[in-house]
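Colleague: From the sequence below, what's the structure:
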Amino acid sequence: MRWVLTLAAGVLALVGSGCSFLSSLEREYTSNRDLIQAASECAGFTVDPSLFELTGLDLREDSLTFQLRGVRHPGDHAWVVRFSEKSSEQNPLAVSDVYSLLSLIGEGRTGFRIVEEADKDVLGERAKYVRYVFESPIHDGDGKALQGHGIVASVRLPGASGPLVQHMKLDNHGDRDDVQWDDLAPFLPRS
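Modeller: Below you'll find the predicted structure:
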């Protein structure tokens, strides 16, 4: 019991002395948000800010990866990868195969299973998509995992210097009932 009183006295002393780590959860840091947004716009990738926030961008000589989190649905987490198919690819169609992504997406996810496989037209090309479910890492008040939903799609488009491939993945960790093809609309190439 004595240690509880000592601990309480120590906490009160810290609070009374103006110790900021107990009184504020705000963090100050220099944000690269403006730079990320400018690079995204330069690449022709803009997303409605009321739907998604662009949180990261990885730029390589032959690829771009955009990382996003949901605004309307905070449980949404997405990435979009755009890359140039190389003339030296041994099997060019394999790099645009959505099924090659599924083993990576499903790895380590309890209850991962495919619920739909289909394709849609994107700028006159065939985009293949797969919808899936999994146990979310988020749990309800009773400790039960929420149902997570996801969709991954891939499309191969002609480009000025050769084919371009775009992979898109959107996961929701439990704050919406499902994700559908239309939920990928903010990420789809427009021209």
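
Colleague: Identify the bridge partners of the spatially most central residue of the chain.
Modeller: For the chain, residue 78 is the residue whose C-alpha lies nearest the centre (CA atoms, centre = their mean; 2.0 Å). On the basis of DSSP bridges, residue 78 is bridged to residue 68, residue 170.

Colleague: these two touch, right, it and residue 171?
Modeller: Yes: with contacts counted by CB atoms under 8 Å, residue 78 reaches residue 171, the gap being 7.2 Å. Quick note: C-beta positions are derived from backbone N, CA and C, even for glycine.

Colleague: mind listing the strands for this protein?
Modeller: Assigned by DSSP state E, the chain shows strands spanning 52-59, 63-70, 76-84, 113-122, 125-139, 145-157, 164-172.

Colleague: low pLDDT regions in the protein?
Modeller: 1-25, 87, 89-93 (pLDDT under 70).

Colleague: residue contacts, residue 38?
Modeller: The contact partners of residue 38, taken as CB atoms under 8 Å, 6 or more residues apart in numbering, number zero.

Colleague: how near is it to residue 167?
Modeller: 23 Å (CB to CB, to the nearest Å).

Colleague: ditto for residue 183
Modeller: 15 Å.

Colleague: follow-up on the earlier one: the residue nearest to the centre of the chain and residue 123: what is the separation?
Modeller: Taking CB to CB, one finds residue 78 at 20 Å from residue 123.

Colleague: what does residue 27 give?
Modeller: 42 Å.

Colleague: the more surrounded of these two?
Modeller: In this view residue 27 and residue 123 are compared by other CB atoms under 10 Å, and residue 123 has more residues nearby, 12 against 5.

Colleague: Thought residue 189 was touching the more buried one, still the case?
Modeller: Yes: under the criterion of CB under 8 Å, residue 123 makes contact with residue 189 at 6.1 Å.

Colleague: what residues do the two have in common as contacts?
Modeller: Counting by CB under 8 Å, 6+ apart, the residues touching both residue 123 and residue 189 are residue 157.

Colleague: want to throw the strands of the chain into a markdown table with distance to residue 106?
Modeller: Shown next, in a markdown table, are these (distance: least, CB to CB, whole Å):
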| stretch | distance to residue 106 |
| --- | --- |
| strand 52-59 | 22 |
| strand 63-70 | 20 |
| strand 76-84 | 16 |
| strand 113-122 | 8 |
| strand 125-139 | 7 |
| strand 145-157 | 10 |
| strand 164-172 | 12 |
